[in-house]
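Enquirer: no sequence for this one, just the structure:
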């Protein structure tokens, strides 16, 4: 019931009353922690936990949740997970001299376009390919991988393969330089470090013994959309927020709740994460204005999280405040070496925490104002 979702969102001040949410934005609210439209709450239902847990678990595995509904008819929730260690069929493609593997998952058609046709599309405001009356936003694989955009003048004459993908409500087309044929994929994990790189499902061994990276194109397109900020109908639009957003990362439920209440009292929106792994999954989808993190957490501690944030160009500039009972020089120096923005000991004064956050928010507002004036 989208009307009920919108009403509850305004009542709980999740969104301002003067913001008109689209249907996709309203549906996305059900994944927020603690958000519920239930009139009756029991021990097992109505607490706004279920969908948040599902979405967090799927993000942790590198996937995403696709939701589609029609009022009075049905609601479909589709969980999409990347390949981690499985045997499947795929397509071997080339980008210049580099080879990549693309799983067949989601491929609905393959078409061919000349370099001139592609150049005309990329020069338009919204490059796209149309199939059966449906529009597929068009992307060049080289640009998705942070290489060079497509340039018809430097390309060899001939046609180029374009793959059309559809999964749930998501549609897009990917152009590559060459299609090298089918490949049997035994996908292996890239390990703890490389496995966190968005857009990579894993790796496989080609017939010639070389290692081939297996791409997760849905994630690559989503990351490109964030970088390029192009308006395309590919995924659910983010909910527009007027208040600053602070992410709280702590394995203690009590600490998360207490900190969240403190921040909300000071007109700040809050995103909660149980550890560094969950925080990174959330950061793939939305970027807070400030991150507060504990040090000692399971799976990924605060130091590892801080390092990952600083090594990612998309999150490198986000202020990170580390809060820990470890106040000695050893931990403080390590945090400073990794690029921490501020380090507070437990227990901390609420006024001190809010002052630090406001300091970073003021700096961000000033930078935005300077950029807009240029």
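Expert: Okay, I see it. No experiment lies behind these values; they were computed from the predicted model shown. Residues are numbered from 1 along each chain as shown.
Enquirer: can you map out the strands along the stretch 201-350 of the chain?
Expert: Per DSSP state E, counting those that start in this stretch, the stretch 201-350 of the chain carries strands over the ranges 211-215, 245-249, 269-273, 290-293, 320-324, 342-345.
Enquirer: where in the stretch 251-374 of the chain is pLDDT low?
Expert: Across the stretch 251-374 of the chain, the stretches falling below the confidence threshold (pLDDT under 70) are 371-374.
Enquirer: meant to ask about the stretch 101-250 of the chain, not that
Expert: Low-confidence segments of the stretch 101-250 of the chain (pLDDT under 70): 151-157, 168-169, 190-196, 226-242.
Enquirer: what do you get if the cut-off is 50, keeping everything else the same?
Expert: For the stretch 101-250 of the chain, the stretches flagged by pLDDT under 50 are 229-241.
Enquirer: Helices along that one, start to end?
Expert: Assigned by DSSP state H, counting those that start in this stretch, the stretch 101-250 of the chain shows helices spanning 115-123, 141-144, 191-194, 217-228.
Enquirer: thinking again about what came up before, put together CSV for the strands of the stretch 201-350 of the chain, with distance to residue 134 and mean neighbour count on each row.
Expert: Every C-beta, even on glycine, is put in place using the N, C-alpha and C of the backbone. Below are those laid out as CSV (distance: least, C-beta to C-beta, whole Å; neighbours: other C-beta atoms under 10 Å):
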stretch, distance to residue 134, mean neighbour count
strand 211-215, 23, 19
strand 245-249, 34, 24
strand 269-273, 34, 21
strand 290-293, 39, 26
strand 320-324, 42, 22
strand 342-345, 49, 17
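Enquirer: nearest to residue 333, of these?
Expert: strand 342-345 (9.7 Å; C-beta to C-beta).
Enquirer: helices and strands around that closest one, which ones?
Expert: In terms of contacts (3 or more C-beta pairs under 8 Å, 6 or more residues apart in numbering; DSSP states H and E), strand 342-345 is packed against strand 320-324, helix 329-338, helix 350-373.
Enquirer: So which of the ones you listed is nearest residue 115?
Expert: helix 350-373 (35.9 Å).
Enquirer: Residues contacting that closest one, please?
Expert: For helix 350-373, contacts defined as C-beta atoms under 8 Å, 6 or more residues apart in numbering pick out 244, 246, 262-263, 266, 268, 289-290, 292, 319, 321, 323, 341-342, 344.
Enquirer: picking that back up, can I get the helices of the stretch 101-250 of the chain in a markdown table with mean neighbour count and distance to residue 93?
Expert: A markdown table is the format used below for the helices of the stretch 101-250 of the chain (neighbours: other C-beta atoms under 10 Å; distance: least, C-beta to C-beta, whole Å):
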| stretch | mean neighbour count | distance to residue 93 |
| --- | --- | --- |
| helix 115-123 | 15 | 15 |
| helix 141-144 | 20 | 7 |
| helix 191-194 | 11 | 20 |
| helix 217-228 | 19 | 11 |
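Enquirer: closest one to residue 300 among those helices?
Expert: Across those, closest to residue 300 is helix 191-194 (C-beta to C-beta), at 8.8 Å.
Enquirer: can you put the helices of the stretch 101-250 of the chain in TSV and add distance to residue 98?
Expert: Formatted as TSV, these follow (distance: least, C-beta to C-beta, whole Å):
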stretch	distance to residue 98
helix 115-123	19
helix 141-144	9
helix 191-194	16
helix 217-228	14
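Enquirer: right, and those - which one's nearest residue 310?
Expert: When the helices of the stretch 101-250 of the chain are compared by C-beta to C-beta, helix 191-194 sits nearest residue 310, at 14.4 Å.
Enquirer: measure residue 281 to residue 2 for me?
Expert: Separation of residue 281 from residue 2 (C-beta to C-beta, to the nearest Å): 26 Å.
Enquirer: Can you tell me the closest non-neighbouring residue to residue 251?
Expert: residue 297 (4.4 Å; C-beta to C-beta, 6 or more residues apart in numbering).
Enquirer: right, I mislabeled it, should have said residue 224
Expert: Nearest residue to residue 224, sequence neighbours excluded (C-beta to C-beta, 6+ apart): residue 144, at 5.1 Å.
Enquirer: Tell me if I'm right that residue 184 and residue 89 touch.
Expert: Yes - proximity of residue 184 to residue 89 meets the contact threshold set by C-beta atoms under 8 Å, at 6.4 Å.
Enquirer: List the contacts of the closest residue to residue 273 other than its chain neighbours.
Expert: Closest residue to residue 273 apart from its sequence neighbours, by C-beta to C-beta, 6+ apart: residue 279 at 3.9 Å. Neighbour list for residue 279: 247, 249, 273, 291, 293, 300, 305 [criterion: C-beta under 8 Å, 6+ apart].
Enquirer: let's see it at 7 Å
Expert: Contact analysis of residue 279 by C-beta atoms under 7 Å, 6 or more residues apart in numbering lists 247, 249, 273, 305.
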